[in-house]
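J.: got a sequence here, can you model it:
(2 chains)
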Amino acid sequence: MMENGLLGIQELAREDIETILETAIHMKEVAERDVKKVPTLRGRTIINLFFEPSTRTRTSFEIAGKRLSADVVNFTPSHSSLSKSESILDTAKTLDAMDPDAVVVRHGVAGVPKRIADELDAPVINAGDGAHEHPTQALLDMLTVLEEKDRLDGLTVTIIGDIAHSRVARSNIHGFLKMGAEVRVAAPPTMIPAAVETLGVKPFSSLREALDGADVVMALRIQRERLAGAYFPSVREYAATFGLDRAKLRFAKDDAIVMHPGPVNRGVELAHDLADHRPSVILDQVRNGVALRMAVLYLLAGRRHRRPADEGGNS
Amino acid sequence: MGRVWIRGGRVIDPSTGRDEVADVLLEDGRVEAVGHDISASDAETLDAEGCWVTPGFIDLHAHLREPGQEYKEDIASGGRAGAAGGFTGLACMANTDPVNDDPAVTDYILDRARQDCPVHVYAVAAATKGLRGEVMTEMSALVEAGAVAFSDDGRTIMDSDMQRRVLEYSRLVSKPVMVHAEDLTLVRKGVVNEGAVSTRLGLPGNPAVAETLHVARDIQLAEFTGAHLHVGHVSTAGAVALIREARERGVHVTAEVTPHHLTLTDEATLGYDTNTKMSPPLRSAADVDGCAEGLADGTLDAIATDHAPHAVYEKEVEFTEAPPGVLGFETAYPTVMELVRKNRISPMGLIASLTSNPAQVFDLPGGRLTRGSAGDVAVLDPERKWIYDPAKGYSKSRNSPWAGQEMIGRPVATFVDGALVYHVDRGVIFP
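T.: Have a look, this model is predicted:
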């Protein structure tokens, strides 16, 4: 399923996820070296195509590519020029003509990476599309949980927050379910998407019940400017009912870990002290993000343009 | 004008209930005879054995894009595509540029149709000026110019008082008011049916209640005003139920459904193909089922295509940004034949929904095959298999969810006013 890129966790098989996670563990060794660079992708070009600003994810991909010695080019179309005058597919065809080895796409609208991938010869890596998927985030989350718990199978994962508008939630739901975990979602009913059970998760409006017996608690960022008033009455009420603090965390297992895709609204979805200290593993998530993206780039950009003759000569 | 002898086909005429193998003789632009003992050796003959011979299809809902958006379609190209789909009459919507809210625009449309269009064109005029929902159009003058119905289709009159006045005033001209029934405050930015598919895709959902709520409001207003309400492109089982109940208690409400809402579910959208983006959106399997049931039991009078051409580049954008709508004429017959093949509707019922029923809803000529009626005839091969390629079709646009798919059933010949305007082997025949 990784033939043409990484568009979502939904399309992956459990074995694909295992391959990526194992590769990422190897990549972490590189990150721990004094000189954090290997020549694996030398001569290969990776384009970061970010239609939506995202310093964190873009930087993570950029560092990942550079540690593998790839040439990383950031292509950040100005918002106005793009959706008005140039169609997505025009952009895709233009990029294809530049013959990259992988294209990393972030876009505010669901489905755009898929449409670009349909046009491109190079593999496309979805770095987040609307409320659809953010596969590398889910993979780095699974890597972090695997390191903490030594397994994913049989764990109970509770995701709290705006599930309806969250690509991180969707990718994690698909991923953890495929790996054999139980996934619960907790939010006010206005933030639970329609027919959410069809994804294989159980929705809760009681945080206490959702947390009962959880091994992993994942809080999502609340888009307060966009949602307050329309999807929940106020930030204060949200923080009181669904904001995670040490008192509420007691409903989860004693050794439960706390995760967040960042950036954290301190005092809203996570209490201030919980964001910085164990059992929070937020900085491990960030650290693992680089290794995980190295693994994905290695698996996808590393195998392109190897014509049969080349392969014969090298092996 | 000559004579045409259509021989040996299965004549299906819902206006009389005739369903038998028979001949049809067209003469001087009209139906001269239908029966078994026709002999017209001097007439042009068309062997229709194995085919259905029906009144020409009448589409209550088409966007021909002229004036103003001729890069998508014009009356000439749309009319040709219609002829190739078995249509002999097309009612075109008012959301042109300029909007058809003035008798001069209606005149222009009907003039263009007379000059370069193989089929009859009927103009649906705007219900309010500029489709803005603020000031009603001059309905009497528009009817005098030829308008057959009034609609702000593409927009919705959200102001209930304005809608009430439009319905009330329409009684003066005895024409239906056709509505695009969606509560826009519920639709908001929704682009796919709200449900499992929208959740999986991560695209903003458009809930079924946006349609049912609006249909309920307009039924109440139609009942209150005594006007004729025509509900465009019904997409939900809930709206079908509301319309059924309203008709039972005598409200003057008619309705139509599109081929795509009868045959495709929202799962067609799972690949983010913008050619599956419609307004209203493709709905759930239960809604498709409800629409088919409504068509079969007569709650939904007509199949209308909502033919909505858009240029390729307009569809090659983000799903949320792409204009909604798909081509309809050339795929209408083969796609809805699926309902006959699945025994959801009888051939007679299906043909009624494409011919006599729409004629009745908008009070149009045609829709019948009786002596003296207009020589508007479709000859349809219900078994013929073919691959639909929009690039080979007559529309200027290509936005179809069925592109590249195998179709079963195809119009073989179309006659308008007794003249052959389309034959499957010869294409559109029109000077």
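
J.: and the closest residue in space to B:E44 that isn't next to it in sequence, bridged to which residues?
T.: Nearest residue to B:E44, sequence neighbours excluded (C-beta to C-beta, 6 or more residues apart in numbering or on different chains): B:V4, at 5.1 Å. (Glycine included, C-beta is placed from N, CA and C.) Beta bridges link B:V4 to B:L26, B:E44 when assigned by DSSP bridges.

J.: got phi/psi on residue 282?
T.: All of this is about chain A. In terms of degrees, to the nearest 10, the main-chain angles of A:I282 are phi -60, psi -40.

J.: if you could check chain B rather than the one you did, that'd help
T.: phi -60, psi 140.

J.: B:L270 is in contact with that one, correct?
T.: No - using C-beta atoms under 8 Å, B:L282 is not in contact with B:L270, being 10.6 Å away.

J.: without its sequence neighbours, what residue ends up closest to the residue most central in space within chain A?
T.: Geometric centre of chain A, nearest residue: A:Q137, 1.6 Å, by C-alpha atoms, centre = their mean. Spatial nearest neighbour of A:Q137, excluding adjacent residues (C-beta to C-beta, 6+ apart): A:V168 at 5.2 Å.

J.: I figured B:F87 hits B:F329, correct?
T.: Yes - if you go by C-beta under 8 Å, B:F87 and B:F329 touch, sitting 5.8 Å apart.

J.: now for chain A, the helix or strand with the poorest mean pLDDT.
T.: helix A:308-314 (a mean of 39; mean pLDDT, DSSP states H and E).

J.: that should have said chain B, apologies.
T.: Per mean pLDDT, DSSP H and E, helix B:312-315 ranks last in chain B, at a mean of 93.

J.: got the buried residues for that helix?
T.: B:E314, B:K315 (16 or more other C-beta atoms under 10 Å in any protein chain shown).

J.: contacts for it, please.
T.: Helix B:312-315 has contacts (C-beta atoms under 8 Å, 6 or more residues apart in numbering or on different chains) with A:S87, B:K72, B:T274, B:N275, B:A322, B:P323, B:S397, B:R398, B:N399.

J.: where does B:R7 land in three-state SS?
T.: Recorded secondary structure, B:R7: strand (DSSP: H, G, I helix; E, B strand; the rest coil).

J.: rewinding a little: list just the nearest of the contacts of helix B:312-315 to B:K189.
T.: Nearest to B:K189 out of the contacts of helix B:312-315 is B:A322 (C-beta to C-beta; 13.1 Å).

J.: tell me the SS of that closest one?
T.: From three-state DSSP, the assignment for B:A322 is coil.

J.: with A:Q285 instead?
T.: With three-state DSSP as the criterion, A:Q285 reads helix.

J.: quick one: contacts for it?
T.: A:L140, A:D141, A:T144, A:M259, A:H260, A:P261, A:G262.

J.: just B:A332 next, same as before
T.: B:F57, B:D59, B:G85, B:G86, B:F87, B:P259, B:I303, B:T305, B:L354.

J.: B:Q163 reaches B:D152, doesn't it?
T.: No - between B:Q163 and B:D152 there is no contact under C-beta under 8 Å: 9.4 Å.

J.: show me which of these two is the more surrounded one.
T.: B:D152 (30 against 25; other C-beta atoms under 10 Å in any protein chain shown).

J.: quick one: B:Y333 and B:F57 touch, right?
T.: Yes - judged on C-beta under 8 Å, B:Y333 makes contact with B:F57 at a distance of 7.5 Å.

J.: overlap of the contact sets of these two?
T.: By C-beta under 8 Å, 6+ apart, the residues touching both B:Y333 and B:F57 are B:G85, B:G86, B:L354.

J.: return the residues in contact with the first one.
T.: The reference is to B:G85. For B:G85, counting by C-beta under 8 Å, 6+ apart, the contacting residues are B:F57, B:T305, B:G328, B:F329, B:E330, B:T331, B:A332, B:Y333, B:P411.

J.: which of these fall within strands?
T.: B:F57, B:P411 (DSSP state E).

J.: the residue nearest to B:E44: neighbour count?
T.: B:V4, neighbours per other C-beta under 10 Å, totals 22.

J.: so what does A:N126 look like in phi/psi?
T.: Dihedral angles (degrees, to the nearest 10) for A:N126: phi -80, psi 120.

J.: ok, now A:A181?
T.: The phi/psi pair for A:A181 (degrees, to the nearest 10) is phi -90, psi 160.

J.: what's the pLDDT at the residue most central in space within chain B?
T.: Nearest residue to the geometric centre of chain B (C-alpha atoms, centre = their mean): B:A304, 2.2 Å. With respect to pLDDT, B:A304 scores 98.

J.: and it, how far is that from A:A291?
T.: Separation of B:A304 from A:A291 (C-beta to C-beta, to the nearest Å): 57 Å.

J.: and A:L95, by the same measure?
T.: Counting by C-beta to C-beta - A:L95 and A:A291 are separated by 26 Å.

J.: wait, what's in contact with residue 234?
T.: I went with chain A, as the question did not name one. Counting by C-beta under 8 Å, 6+ apart, A:S234 has contacts A:A228.

J.: let me rephrase: I mean chain B.
T.: B:V234 neighbours (C-beta under 8 Å, 6+ apart): B:A181, B:E211, B:V215, B:V240, B:I243, B:A255, B:E256, B:V257, B:H261, B:C291, B:G294, B:L300.

J.: how does it look with 10 Å?
T.: B:181, B:211-212, B:215, B:240, B:242-243, B:255-258, B:261, B:280, B:287, B:290-291, B:294-295, B:299-300, B:304 (C-beta atoms under 10 Å, 6 or more residues apart in numbering or on different chains).

J.: for the stretch 251-400 of chain B, give me the ranges with low pLDDT.
T.: Along the stretch 251-400 of chain B, the model assigns pLDDT under 70 to no residue.

J.: that should have said the stretch 1-150 of chain A, apologies.
T.: A:1, A:78-86.

J.: ok, back up a step: give me the more crowded residue out of B:F87 and B:F329.
T.: B:F87 (34 against 29).

J.: ok, and the closest non-adjacent residue to B:R188?
T.: B:P204 is the one closest to B:R188 (C-beta to C-beta, 6+ apart), at 7.1 Å.
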